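In: Sequence and predicted structure below; questions after.
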Amino acid sequence: MKLDSMYQEVILDHYKHPHGRGLRDGDAEVHHTNPTCGDEITLRVKLNGSTITDVSYEGQGCSISQASASVLNDLLVGKELAEAQKVQELFLELMQSKGKIEPDDAMEEVLEDAVAFAGVSKYPARVKCALLSWMAWKDATAQALADRETETA
Amino acid sequence: MNMPGLLDTEAIRKDFPILDRLVHDGKKVVYLDNAATSQKPRQVLDALSDYYERYNSNVHRGVHVLAEEATAAYESARDKIAEFINAPSRDEVIFTKNASESLNLVANMLGFADEPYRVERGTEIVITEMEHHSNIVPWQLLSQRTGAKLKWFGLTDEGRLDLSTIDEVITEKTKVVSFVLVSNILGTVNPVEAIVRRAQEVGALVVVDASQAAPHMPLDVQALQADFVAFTGHKMCGPTGIGVLWGRQELLEDLPPFLGGGEMIETVSMHSSTYAPAPHKFEAGTPPIAQAIGLGAAVDYLASIGMENIAAHEHVITGYALERLASVPDLRIVGPVTAEDRGAAISFTLGDIHPHDVGQVLDEQGIAVRVGHHCARPVCLRYGIPATTRASFYLYSTPSEVDALVEGLEHVQNFFG
C-alpha cells in the first residue's frame, strides 16, 4: 500500500516514542506554526561554542511533524554547527524532491532515520509538516548566534 | 436503505460527473468535503461552456449581439438569485468574488459611511467566537483602523452561542452585529431571531454570513430581517469566483462605494465622479460573468430539487452520521451531538490521532474529508484542540458513504493503534 511509503515503521516509532521531547534550557527559543493544519512547535537550541548541546521542543501536530522533530533531536544534538547545517540542507533537498530522490547509502550515512521521510516528499500537503521542526531549528540557531554577537559587541 | 426523507440520490448523482471518479487505484471517491466546496452538476458545467463557446462578451457595454446576450444572461442570473433568497428587489443583489469579499465590502462600507452608520471610536462591533476567519478578520481590520471596539459572543460547551449576556454584549454603542447562520466547523444553526431582536432594539445593523446556509436550506432574507446577507457560489453547486452580498436597498443607496472603477460610475471627470445606483455602484470593473451565469444555473438546479427537500435529506444523513459516529471508540464530536438545529458539517477528534493523519489514511481509501482548523481557529482554541477532522454532506451524499467513513475510521485506528 502506498500509505506505507509515507508512514514508515521508523516514523511511527518516533511518533509514539519521541526522543528528546520537552523544553529544557536553551540560548534561543522560537515558536513556529503550520497555519493550514494547526501544527505548532516551540523549540530551543543550546550551543556550547560551535557545538549543539541540546535541541529541546514541545508541540502538537501530526505524526509526521512530531516524528520529524524527534529525528532532528537524534541527528543534530552533539554535532558541530557547520555539520548540522549540511544535514539540514540535505534533508530539505530530500523533502523538496517530490519523491524523485531515492536515498542511497551516502545519503543514509548523513540522514540516518531521516531517510524514512523520502516517501512524505510525494505528498505536497505534508512536506510542510516534516519541515516544521527543521525550519524552527534553523531560525532558533540564527537567533542564538545573533544574540551572541550582540552580547560580545 | 430505507430512510424517509432521503432524496433520490441515484438520479441526482448522475448529474455530477466527478462522483464517478476513481482515485488511488480504482476506489470510487467518497466526497465528504462539501463544506469546503460542493461538486458541480452537468447543468452548471454546460452553462459555463455554453457562455464561453457561444456568447462570450463583456457586459453592459457594446451594442453587438454577443454583448447583449452576455448582459442579459448576467442580469438574469441576478434575477434568479434574488428569487432564490426572496429579495424584495433584484437591485439588492451584489455580485462579489466570494463571501469573504462580501463581508469585507460591508466592513469597508461601514468604515467609510456617514452617520448614522459610521463605525468609529466610541462605537462597537459584535461578532461571535464561532465565525469563519472571513467574518473575523475584516472586523478586526475595521476595529484597528477606526478605533471601534470589537466584542464577541462566546460558546457553550455544547457548541452553541452563549447568549446569556446578550444585553451586555449588544449595547447602545453597537453599530453592527455580524454572525454566521450555520457554523462551518461546529455545524451549529444559530438562533437568528434573538440576535436580530436585540440588535434592532439598539439600532445596530445585522450582517449574516450564510455561506453554509444558502447551499443547504431555504434562505429568505426578508424572514431573517437582517440588513446584509453574504454567501458564496462554489459551496452551492456554482463555480468558484462568484459570491453574493444582499443588502437592504435604502442602505445600499446611503452607503458609500468601496472599490472604484469601471461600471460603478455615472459620470467621471478629472475632479470627481458620481456613482451608478446599486447594485452596480458596488461592482467595479468587469465582473465574473461566466461565474455569475454558472451560479444562476446552480440556483435553477437547486430550486428544481427544492431547498426544503435538500434540507430534509441532509437532516436525515446528519442524524444517521451522528448515530454511526457515536459508535466509533474514542471519537468525540466537536459541536452539537444531535441533528436538531444543526447543519451537515460534523467535526470530530479521534483519540489522540492527529486529524492530518486521519485525513491521510481516509484519503488512501478514497474518502475526502477536511482536516485542520477550518479557518475557524478560535473554535479550536475554545475547545482546547489543535484541529479537527470534518465530514460534511450534501444533496448527493448517501448513507453508504457514511458507512464508508465509519469503516475508514476503524482502519485509521488500526493503522495508528
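Out: Done, it's in.

In: where exactly do the helices run in chain A?
Out: According to DSSP state H, chain A carries its helices in the segments A:3-6, A:9-16, A:63-76, A:81-95, A:105-111, A:124-152.

In: worst average pLDDT in these?
Out: Mean pLDDT is lowest for helix A:3-6 out of the helices of chain A, coming in at a mean of 82.

In: before we move on, back to that, kindly reformat the helices of chain A as CSV containing distance to B:Phe112 and mean neighbour count.
Out: In this view, the C-beta of every residue, glycine as well, is placed from N, C-alpha and C. As requested, the helices of chain A are exported to CSV (distance: least, C-beta to C-beta, whole Å; neighbours: other C-beta atoms under 10 Å in any protein chain shown):
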stretch, distance to B:Phe112, mean neighbour count
helix A:3-6, 50, 16
helix A:9-16, 51, 17
helix A:63-76, 43, 25
helix A:81-95, 46, 17
helix A:105-111, 56, 13
helix A:124-152, 38, 18
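
In: got TSV for those helices, with distance to chain B too?
Out: Output for the helices of chain A, formatted as TSV (distance: least, C-beta to the nearest C-beta, whole Å):
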stretch	distance to chain B
helix A:3-6	5
helix A:9-16	7
helix A:63-76	5
helix A:81-95	16
helix A:105-111	22
helix A:124-152	7
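
In: Kindly reformat those helices as JSON lines containing distance to B:Asp8.
Out: Formatted as JSON lines, the helices of chain A follow (distance: least, C-beta to C-beta, whole Å):
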{"stretch": "helix A:3-6", "distance to B:Asp8": "35"}
{"stretch": "helix A:9-16", "distance to B:Asp8": "44"}
{"stretch": "helix A:63-76", "distance to B:Asp8": "41"}
{"stretch": "helix A:81-95", "distance to B:Asp8": "47"}
{"stretch": "helix A:105-111", "distance to B:Asp8": "55"}
{"stretch": "helix A:124-152", "distance to B:Asp8": "35"}
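
In: For B:Met236, which of those helices is the nearest?
Out: Nearest to B:Met236 among the helices of chain A is helix A:124-152 (25.8 Å), distances taken as C-beta to C-beta.

In: Return the distance of that closest one from the chain's centre.
Out: Averaging C-alpha positions (C-alpha atoms, centre = their mean, to the nearest Å) puts helix A:124-152 9 Å from its chain's average.

In: tell me the angle it makes with helix A:9-16.
Out: Per axes from the mean of the first three to the mean of the last three C-alpha atoms, to 10 degrees, the angle that helix A:124-152 makes with helix A:9-16 is 60 degrees.

In: Now A:Thr51: closest residue in space, sequence neighbours ignored.
Out: A:Glu80 (5.9 Å; C-beta to C-beta, 6 or more residues apart in numbering or on different chains).

In: OK, contacts around the residue of chain A found nearest chain B?
Out: Per C-beta to the nearest C-beta, A:Cys62 is where chain A lies closest to chain B, at 3.5 Å. Listed by C-beta atoms under 8 Å, 6 or more residues apart in numbering or on different chains, the contact set of A:Cys62 reads A:Cys37, A:Asp39, A:Arg126, A:Cys129, B:His354, B:Pro355, B:His356, B:Asp357.

In: ok, 7 Å please
Out: A:Asp39, A:Cys129, B:His354, B:His356, B:Asp357 (C-beta atoms under 7 Å, 6 or more residues apart in numbering or on different chains).

In: on that earlier part again, out of the helices of chain A, flag the one nearest B:Gly417.
Out: Nearest to B:Gly417 among the helices of chain A is helix A:9-16 (10.4 Å), distances taken as C-beta to C-beta.

In: How much space separates B:Trp246 from A:Val77?
Out: 59 Å (C-beta to C-beta, to the nearest Å).

In: cool, and B:Ser134?
Out: B:Ser134 is 43 Å from A:Val77, by C-beta to C-beta.

In: ok, those two, which is more surrounded?
Out: B:Ser134 (22 against 18; other C-beta atoms under 10 Å in any protein chain shown).

In: and that one, that's in a strand?
Out: No. Using DSSP: H, G, I helix; E, B strand; the rest coil, the secondary structure at B:Ser134 is helix, not a strand.

In: Which pLDDT value goes with it?
Out: As predicted, B:Ser134 sits at a pLDDT of 98.

In: ditto for A:Met1
Out: We have a pLDDT of 52 for A:Met1.

In: low-confidence ranges in chain B?
Out: Applying pLDDT under 70 to chain B flags the ranges B:1.

In: what residues does it put near chain A?
Out: Counting by C-beta under 7 Å from any C-beta of the partner chain, the positions of chain B adjacent to chain A are B:His354, B:His356, B:Asp357, B:Val361, B:Glu364, B:Val371, B:Gly372, B:His373, B:Cys380, B:Pro386, B:Ala387.

In: Could you report the neighbour count for the first one?
Out: So the one you mean is B:His354. B:His354 has 28 neighbours, counted by other C-beta under 10 Å.

In: ok, now the second one?
Out: Per other C-beta under 10 Å, the neighbour tally for B:His356 reads 26.

In: Tally up the residues packed near the nearest residue in space to B:Leu219 that is not next to it in sequence, please.
Out: Excluding its sequence neighbours, the residue lying closest to B:Leu219 (C-beta to C-beta, 6+ apart) is B:Ile85, at 5.0 Å. Residues lying near B:Ile85 (other C-beta under 10 Å) number 22.

In: ditto for A:Thr42
Out: Other residues within reach of A:Thr42, judged by other C-beta under 10 Å, total 15.

In: gap between it and B:Asp25?
Out: A:Thr42 is 40 Å from B:Asp25, by C-beta to C-beta.

In: cool, and B:Leu381?
Out: Separation of B:Leu381 from B:Asp25 (C-beta to C-beta): 39 Å.

In: Looking at the two now, which is surrounded by more residues?
Out: Neighbours per residue (other C-beta under 10 Å) separate B:Leu381 from B:Asp25, with B:Leu381 holding more: 13 against 9.

In: what helix or strand is the more buried one on?
Out: For B:Leu381, the element it lies in under DSSP states H and E is helix B:377-382.

In: Now that helix: buried residues?
Out: For helix B:377-382, burial by neighbour count (16 or more other C-beta atoms under 10 Å in any protein chain shown) applies to B:Arg377, B:Pro378, B:Val379, B:Cys380, B:Arg382.

In: got the phi/psi numbers for residue 99?
Out: Just going to use chain A. Note on A:Gly99: its backbone torsions stand at phi 80, psi 0 [degrees, to the nearest 10].

In: One more: B:Ala284?
Out: phi -70, psi 140.

In: give the contact list for it.
Out: By C-beta under 7 Å, 6+ apart, the contact set of B:Ala284 is B:Leu259, B:Gly260, B:Gly261, B:Gly262, B:Glu263, B:Met264.

In: and if you look at B:Ser392?
Out: Here B:Ser392 is in contact with B:Leu32, B:Asp33, B:Asn34, B:Ala35, B:Ala344, B:Ala345 (criterion: C-beta under 7 Å, 6+ apart).

In: The second one bridge partners, please.
Out: It stands for B:Asp33. Beta-bridge partners recorded for B:Asp33 (DSSP bridges): B:Ser392.
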